[in-house]
Every structure is written in C-alpha cells, then in structure tokens.
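>>> Sequence and predicted structure, then a few things I'm wondering about:
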Amino acid sequence: MSTRATRRDGVTQPRLGPVGWARWAWRQLTSMRTALFLLLLLAIGAVPGSMFPQRSLDPARTTDWIERHPDAGPVLDRLYAFDVYSSPWFSAIYLLLFTSLVGCIVPRTITLARQLRARPPRAPRRLQRLEAHDAFVVADEDLPAVLDDAASTLRRKRFRIARHDETTISAESGYLKEVGNLLFHGSLVTLIVGMAIGHLYGWRADIVVPEGESFVSTVTRYDTWAPGPLVDGEDLTPFALTVEKMTASFEEDQAGQIGMPRAFSAEVRYADRLGGATQPAHVAVNEPLELDDATVFLLGNGYAPVVTVKDRDGQVIYSGATAFLAQDGSYRSTGAIKVGAAQPKQLGLVGLFLPTAVIDDTQGPISVFPDLRNPALAMSVYEGELYPKGSAQSVFSIDTDTMEPVAPDDGSEDIARIWLQPGETKDLPGGRGTVTFDRVDRFAGFAVRDDPGKELVLGSSVVALLGLIASLVIRGRRVFVRVVPAGDGRSVVHLGGMAKGEDDRLSRVVTDLADELSQRSAPAER
Amino acid sequence: MNETLAIYANYALYSAVGVLTLAMIAYAVYLAGAVPAAERDAEAAVEADDAARSARARARAEQVAALAGAPASADPRGASDERSPSTDPPTAADPRGTSDERSGADPERARVGAGIGGALSWLGTGLLLLSLVLRGLSVERAPLGNLFEFSVAGGFFAMLAYCLVPLRRGMHWLGLFVLAPVTLLLWLAGTIWYTEAAELVPSLDSYWLVIHVSIATLATGLSIVGAVLAALFLIRDRASKRSFWAKLPAAPKLERLSYGMNVVAFPMWTFTLIAGAIWARQAWSSYWNWDPKEVWTFVIWVVYAAYLHARVTKNADRRTVAWIALAGFACIVINYTIVNFYFVGQHSYAGVG
Ligand code: HEM
C-alpha cells in the first residue's frame, strides 16, 4: 500500500523528511480505509483462538492437543496459536486500531467543537443544484414574513439558524449525531482502559470449602491465586466465610436428561471484615455474593467424604472432610487423603469417590448418577513422604515419586485396595490401623474475584451503545433558503437541502417545508 | 414440564413450515407473473405523498417555472431518488407496456399470488409465535435454551421483520427470498437440531438468558433479511435488464434496504455483546473469557462495524460493502452451527449431539 502511493508521484514530490514521513504515516494510520482494514484484520485475528485450545483458559487441554499433534503443535505454538489474545500479532492489531481510533477522535472532536461555536455556513449560490430542492413564488411584500416563518419553522424542527444576509437563511441540524458518534468511539477507548485496569489491579482465587468449614480471604488460604501484575496480596481485605449447607439437585425423571444438573446453591455466613458481625447469604450459580472488595462466585461443587483414620493403638491420627474432584457428569471423583501424622511413615490414601457406585465389567468402578444413591470410596494405600522438601503440591493427588504402594495382606505384589461405604470401617494392611468412612458432605467450589475495572467497562459499554444509537438514528442535514427576485413584485423562494451521508428522507423534509411555507404565505391565491 | 404442550408446540411448528412452504409457492407464482414497473408503482403509491400534497408540489413548480420561463420539474422527488449510482437508468416513462410484452407477465395472477403469499406469511409467523409460546409454557421458561429453540425464535423474528416492514410496504418481491432461508432454518431445527423439552442447567437459569438471547435472535432475524437483500443487490446489480432479476427494484434501492436491516441489527448485536458480558460475569465470574461463542459474537460485531465503516468510506465500492455484510452473515451462520458443534467452550448449551 505504501510503496505504490509514493512511487506513483515519486518524481514530482519533494523528498519527505522524517517529520514528513511521520505525518504521512499518521495520516495513513488514521484514515477511514485503515480503520476498515484493521477492523477486518481484528476479526480474522480473533478466529484462531476459537479453533485451538487456549493456554490461559485450559492449560491441560492445550498441552494434550500439542502432544497429540507432534508435527503441527510446536509450529502452531511458535505462532502463538494457543495464546492468541496475548500474542504480539494480536496485540499489534488492536493497538494499531486503537491508535488509529484516538487519532480519529481527537481531530473530529476539535472540528465538532468549532462547528458548535460557529454559525451554520452561508447558503450556496444555486440551491437548485443541491440534493434536494423545492421552490415557490411569493409576493415581494410578504417576503420578510415568509423568511421569518421559515426561520421559526426550522428552529422548531431543531435546526440551528443563521441569517448571514437579508435574502438567505442557513440552517443545520444533527450535531447530536456527531456527538453520539464521538461518544461511541471514545467509549471504546475508555472500555479498553477499564479492561486494562482490571487486568493490572484485579485478582482471582479459587477455593474448595466443605460444608461446615470456613475460610478467611488471605493469599495463603486459597487453593489457587492469580493476581494481576500490580496486585499486592498483602492488601487483601480478609473477609471470612462459612459454608453452612451446599445443595445440588439433578434431573431425575426426564428421559434423555437423567443426571443433568438442575440447581446448585450454598447457604453461607460471612463477615465483611475479620472479626466483624456475620450475616447469612445465599450464593448460587448466577447469584454471586458481592462484597466490598471482592465477589464470591459459586462455580463448582462435589463431594467431600468424611474419613477417620486410627493408628494401631486406636488413636485418631486423621479425621475430616476431604474434597474429591468430579471427573465427569456422574461425579466420579478423584482425591487423596493425606495422613501426615502416621508413623513411622506418612500414609496417603488415593482413589475414587463414587456417589452412585456400580462395578462395571469393563470399566471397573464407575458412578451412574451424580447424586448420592449408593456412595462408595475406592482407595489405594501408599506410604512415604507426603510433602517432600516442603514443596507445595496439589491437594487432590499425592507425589508418587516419594510415596510407595503398600502391599495387601494376602502377600501379592499388588497394591492394597480398600472399598468403603458410609459407616463402614476397614483395617489398613500390615496392622497399620483402621480407616472409617463416616459420611459424605458436599463441598462448594468458589471463585473469588476482584476486578476494579469492571464499572468503567460497563459504563463505557452503555455509553457506547447510547452513542451508537444516537449516531445511527439522528440525521445530519443542512437546509438553505434563498430569495431570488423575479420582477413584477414577485420573488421565488428556493429551498435546498444537503445531507451528511445517505438520507432518503431529505427531499421529503425540503418538500414538506416548501409545502408548509407556501400554504401559509399565500392562502388567498388561487 | 408439560409434555403435551411441547407436542402441540411441535405441531404448530410443523404447520408453520407447511404454511410457509405454501407461501413460497404463492410468491413464486407472483414473481413469475410480476411486472417490474407495476411493483415499483405500487410501492411508490404507498410511499408517495397523498394526492393533494403532490398536486400542491406540482402547482408550485409550475408557478416557479412560469415566472422563470423554464420547464417545470414535475416530480419533486425525482432529484433525490436516483442520487446513488445506479446501473439502471431511471425508469422515466411508464415501462409497463414494454415489460409486459417482454416477460409475458400476468399482473392479475401476480396480484393474487402476492396476496396469498402475504396472508400465508402472516399466518406462518403467527404459528411460529404459537409454537414458541406453547414450548415456553411446556418448559415454564423462555423457550431460548438450546439450538432448536433459538432457531425457531430466530425464524420467527426474521418472519416478523419481513411482515412488519417489507410486506406492509407491499414489497412482495422479497417474500420468496426471505421465506426460503427461514423455512430451511425451521426445517433444520425441527429435524436434525430437535431437542426434547427440558429444564435448564443452572448456568443458563437466569433472567439474562431472556435478555441476551432474545435480542441475539432478533438481531439474527434482521440479519437474515439484511443478508438476503445484500445478496439480491449483488445479483441485481450485475443482471441484465432482460433477465428475471429485473423484476426486482433497482440495485441501489436493494442496497439501501439491506443497509436499513443491518443498521437496526447492529445496535442489537452491540447489546447482545454487552448483555452477554454482564451475564458471563454473573455465571462464570469474568465478563470476558474468549470462549469460542464469545469470540464469534465479537467477530460478527467487528465485521458489521467494518460494514458500517465501509459504507461511509469515500469511494468504497458498494459491491465490496455488500460482500462485507455477507461475510458478517456467514459469521452468524458459523456461530450457530460449527461453533456450537465442534468448538469446545463453556457455551455447551446447544443441547444437540
Ligand atoms: C475499535 C474500532 C472501531 C469501531 C468498532 C468502530 C465502529 C463504528 C461504527 C459501528 C460506526 C457506525 C456508526 C455510524 O455510522 O454513525 C462507526 C462510524 C464511524 N467511524 Fe468508527 N469504529 C472504529 C474505529 C474508527 C476509527 C479508527 C476511525 C477513524 C478513521 C473511525 C471513524 C468513523 C467515522 C468517521 C464514522 C462516522 C461515519 C458516519 O456516520 O458518517 N472509526 N464506527
């Protein structure tokens, strides 16, 4: 694009200095054509992100995809196909677009401000040449009245009027169209600013809370913690929240839909500040709990089997609810019970929780319904070091590098497996003690999020929409009136109209005006 | 959950498809017998000033002409109507005679066809509304919870848009071209996308569903009509004056009508995007997640924004502009089909497959 433009008039054009080039580049960037081009490019650029898994959304699926496509995966990865929306090329497109946008808004705002201060321009010489035209004949003595009538009629129709001389009227309408258009484009800029604020100063954390348990909002308490680049975790307002009851219901009757989730909700008590008064609240999907400095969303749920482990002396070395993560729609859930107090080696019970357990001939233990119809725990026993070198690790699994399988008592090479239903107690192998499956609680999976930019984003969007509607609905028009003496004590009043952009009602506006004025000026004629 | 009502809803849908198919036949008869000029005259009559007003305009023009000694321009509307570059010269005199001979048109049959087509279009639209209402009653919620349901809603809105604007203005020539894609959509909905009536999963169970999806389907309905008009413009623009397509209004008029539909749809897409973001924050904690469905709604919005830009860009070819509108519509189709079936995302509500 650039080369062709310069080569064509390269001979005659004086050499451009750096300033000249910069100015030329700026004019190109802020041209309507470039805006159009960049918009289309933005649309095309956004598409790959919908076709390939995105790392920021689903890292596991992304890794899996790359592994399954050993040829294309790494190449696509180098092209940022899995990080489209933070890729240099996508950023380049929208940064250019928004530079162009600002470069477009500023001069137009200045022009509009000038226009608002100036009067509508003088009437062209020959109104017959305008897009819309009409004319009528009046007697000369009526002229002043007709012109006054024209001016007041136009004013009533929300035109701004200027009478530059005795024989013409200039009228202009539709400033609000341009105001709306500039508000629309300007709001897109503030919207991006709001998104940036949210990105930089916002944070997100996830936490799993079994029924009856509490948490205080501090960085270390959360299961995951994802702060924006400028967030200081020390500054969190430590609100406290207790899950009193978690309810989940599933489709039971409708054939073909059996087991589909129907409603999830948590009854909680919370205190805005640590040590403050607590109050009850209901948190459900689509009904987040809004706090001063954060919002709590109920995004997940599942089961937390309550298990008690005793050592060989009958001492309780572990007791509590452990959340197991659902792996499918039937809540076949995996988890790990970590018995750190076991001696001489720590114990890990790893396995499955099945809300409606069935032993399938081919698949083994599975769950056939997400609700608690026939709950069971199926666990394998490991021993060793649960937290090697104190490193952080998942609460849902154990580190099999430092944990060894425990053999069953029958002397086989296998690993000891325990199958428990609520209320049952079984021995651990090798006289290590007992494990009891007391009952099952549900847990609530919360996302806690703070986005300080969201109000600006919402406000900008609403202003953008209103500005857009104004910009599309309001018409920009100029109407001129000019009196041309025709001798014989009579004159022709010419009316002409010009539109900004396309306007199929323009001629109607002009004809109607002519109709009105001529009828009022000459009621006696004919 | 009331399954009987759901069954009646399906009957209403099947009837609507039947009625709309008959309407298409009637419109085909109409188009076969249509006379280009007759159509334009009929429209002009609806749009034109009342007789007294035009008489006054003519009188004014005559007076001015008498005074200036120049011939009068009898038609006060003439100047603006042919402003846009047209491939057809303005039809100055009455071309009815010539086109009659040329196409062997039968205005009488055409008029009957148009009347039947119009009546059946209204009936079909009413049946679609009935089907939506019954379905909504059967599941006790807004019938906008899966691909089947919003296809029916989208078809209804497209028909409503057609009935309320073009049909009321006597633009029967558009009927066949709107009814064909709508009937196809409804047929797809009723067969391969059909989903049993059911309650919603929790993330969809929100009043934002009604706000967000109803405006999205309304926008889709308008975009269907807009895209049909854009395609007709592209065809008509290249068609010879002797071809079948000459029965349609002049190309610039088709283009303007297409713009009219798209320009109403665009703020609705904008609203859809905003409402979707608000809902996404409520349901998923973040207002924007680059979920495939979100990406494609964004793409649709950006392409239509480009369309509006292209249309006001100086010297932009109107054909290019129309192609951008069609690209936007292609994105809508992709969003409703491929994205629903093949792209993994949080919007897993298509309820099919
Ligand atoms: C984020 C990118 C942009 C979006 C989404 C966008 C969107 C829109 C939309 C939807 C309209 C139609 C409203 C109307 O017709 O009044 C419009 C009009 C307009 N845009 Fe943009 N725009 C963007 C960037 C730009 C840029 C960079 C420029 C500067 C070259 C620009 C200049 C204009 C102008 C001059 C109009 C008014 C057209 C008229 O009605 O006369 N836009 N824009």
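Ah, there it is.
>>> Need the pLDDT of the residue positioned nearest the centre of chain B.
The residue lying closest to the centre of chain B (CA atoms, centre = their mean) is residue B:225, at 1.7 Å. On pLDDT, residue B:225 comes in at 91.
>>> Pull out the buried residues from the helix or strand it falls within.
According to DSSP states H and E, residue B:225 maps onto helix B:207-238. Applying a neighbour-count criterion of 16 or more other CB atoms under 10 Å in any protein chain shown, one finds B:208-209, B:211-237 buried in helix B:207-238. All C-beta spots, glycine's among them, are computed from the backbone N, C-alpha and C.
>>> Am I right that the residue nearest to the centre of chain B is in contact with residue B:260?
No. Between residue B:225 and residue B:260 there is no contact under CB atoms under 8 Å: 9.4 Å.
>>> and the biggest strand by length in chain A, is it in reach of chain B?
In chain A, with assignment by DSSP state E, the single longest strand is strand A:433-450. Yes. Interface with chain B: strand A:433-450 contributes A:447, A:449 (CB under 8 Å from any CB of the partner chain).
>>> what packs against that strand?
With contacts taken as 3 or more CB pairs under 8 Å, 6 or more residues apart in numbering or on different chains; DSSP states H and E, strand A:433-450 sits against strand A:203-210, strand A:240-250, strand A:295-310, strand A:316-321, strand A:417-420, strand A:425-428.
>>> Domain boundaries for the chain, per the record?
I'll assume chain A. By the assignment in automatic domain parsing, chain A contains the domains A:15-113, A:120-173+A:475-520, A:203-450.
>>> was after chain B, sorry
As assigned by automatic domain parsing, chain B contains the domains B:40-99, B:200-353.
>>> which of those domains sits most buried?
domain B:200-353 (a mean of 21; mean count of other CB atoms under 10 Å in any protein chain shown).
>>> And the ligand, is that domain touching that?
Yes. Using CB under 6 Å from any ligand atom, domain B:200-353 reaches the ligand at B:305, B:308-309, B:312.
>>> And the residues you listed, which is closest to residue A:161?
Ranked by distance to residue A:161 (CB to CB), the residues of domain B:200-353 next to the ligand are led by residue B:312 at 27.2 Å.
>>> and of the helices and strands packed on strand A:433-450, who's closest to chain B?
Comparing the helices and strands packed on strand A:433-450 by their distance to chain B (CB to the nearest CB), the top pick is strand A:295-310, with 4.1 Å.
>>> and that closest one, which residues are buried?
Those would be A:295-307, A:309-310, for strand A:295-310 by 16+ other CB under 10 Å.
>>> Show me which of those residues is closest to the ligand.
Among those, residue A:295 lies closest to the ligand (CB to the nearest ligand atom), at 28.3 Å.
>>> mind listing the helices for chain A?
Along chain A, counting by DSSP state H, helices occupy A:2-8, A:18-29, A:32-46, A:48-51, A:59-68, A:72-78, A:88-117, A:143-156, A:175-201, A:454-473, A:506-521.
>>> Likewise for the stretch 1-150 of chain B?
Here the stretch 1-150 of chain B has its helices, by DSSP state H, counting those that start in this stretch, at B:3-33, B:36-47, B:51-68, B:78-81, B:96-103, B:107-139, B:147-162.
>>> tell me the most buried of these?
Highest mean neighbour count among the helices of the stretch 1-150 of chain B (mean count of other CB under 10 Å): helix B:147-162, a mean of 26.
>>> and after it, which helix or strand comes next?
Trace forward from helix B:147-162 with DSSP H and E and the next one is helix B:175-190.
>>> Could you give the number of residues near the closest residue to the ligand within chain A?
When scored by CB to the nearest ligand atom, chain A has residue A:104 as its residue closest to the ligand, at 2.8 Å. Close neighbours of residue A:104, defined as other CB atoms under 10 Å in any protein chain shown, add up to 18.
>>> Low-confidence regions, the chain specifically.
In the absence of a named chain, chain A is used. For chain A, the stretches flagged by pLDDT under 70 are A:1-14, A:255-256, A:389-393, A:522-526.
>>> wrong chain, I was asking about chain B
For chain B (pLDDT under 70), the answer is B:1, B:34-50, B:68-107, B:342-353.
>>> and the residue nearest to the centre of chain B, what does it touch?
B:158, B:161-162, B:166, B:174, B:178, B:261 (CB atoms under 8 Å, 6 or more residues apart in numbering or on different chains).
>>> Swap in 6 Å and give it another go.
By CB atoms under 6 Å, 6 or more residues apart in numbering or on different chains, the contact set of residue B:225 is B:158, B:161-162, B:178, B:261.
>>> Who's the closest spatial neighbour of residue 116, skipping the chain neighbours?
Chain wasn't specified; assuming chain A. Nearest residue to residue A:116 in three dimensions, chain neighbours excluded: residue A:175, at 6.3 Å (CB to CB, 6 or more residues apart in numbering or on different chains).
>>> that's the wrong chain, I meant chain B
Once flanking residues are discounted, residue B:116 sits nearest to residue B:26: 4.0 Å by CB to CB, 6+ apart.
>>> How about residue B:334?
Once flanking residues are discounted, residue B:334 sits nearest to residue B:296: 6.5 Å by CB to CB, 6+ apart.
>>> mind checking how far the one you found is from residue B:200?
22 Å (CB to CB, to the nearest Å).
>>> can the helices and strands packed on strand A:433-450 go into TSV with extra columns for distance to residue B:190?
TSV is the format used below for those (distance: least, CB to CB, whole Å):
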stretch	distance to residue B:190
strand A:203-210	42
strand A:240-250	29
strand A:295-310	35
strand A:316-321	49
strand A:417-420	49
strand A:425-428	55
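>>> Any idea which of these gets closest to residue A:503?
Going by CB to CB, the one of these nearest residue A:503 is strand A:295-310, 46.7 Å.
>>> which helices and strands does that closest one pack with?
Here strand A:295-310 touches strand A:316-321, strand A:333-339, strand A:433-450, going by 3 or more CB pairs under 6 Å, 6 or more residues apart in numbering or on different chains; DSSP states H and E.
>>> Return the distance of it from the chain's centre.
Relative to its parent chain, strand A:295-310 has a centroid offset of 28 Å by CA atoms, centre = their mean, to the nearest Å.
>>> Now do that strand and strand A:240-250, the angle between them.
Calculated by axes from the mean of the first three to the mean of the last three CA atoms, to 10 degrees, strand A:295-310 forms an angle of 90 degrees with strand A:240-250.
>>> what sits up against strand A:295-310?
In contact with strand A:295-310 (CB under 6 Å, 6+ apart) are residues A:210, A:248, A:264, A:266, A:283-285, A:288-289, A:316-319, A:321-324, A:326, A:333, A:337, A:339, A:353, A:377, A:433-441, A:443-449, B:285.
>>> I only care about these that end up buried; give me the ChimeraX line for that.
Buried subset of the contacts of strand A:295-310, written as a ChimeraX selection, criterion 16+ other CB under 10 Å:
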select /A:210,248,264,266,283,284,285,288,289,317,318,321,322,323,324,326,333,337,339,353,377,433,435,436,437,438,440,441,443,444,445,446,447,448,449 /B:285
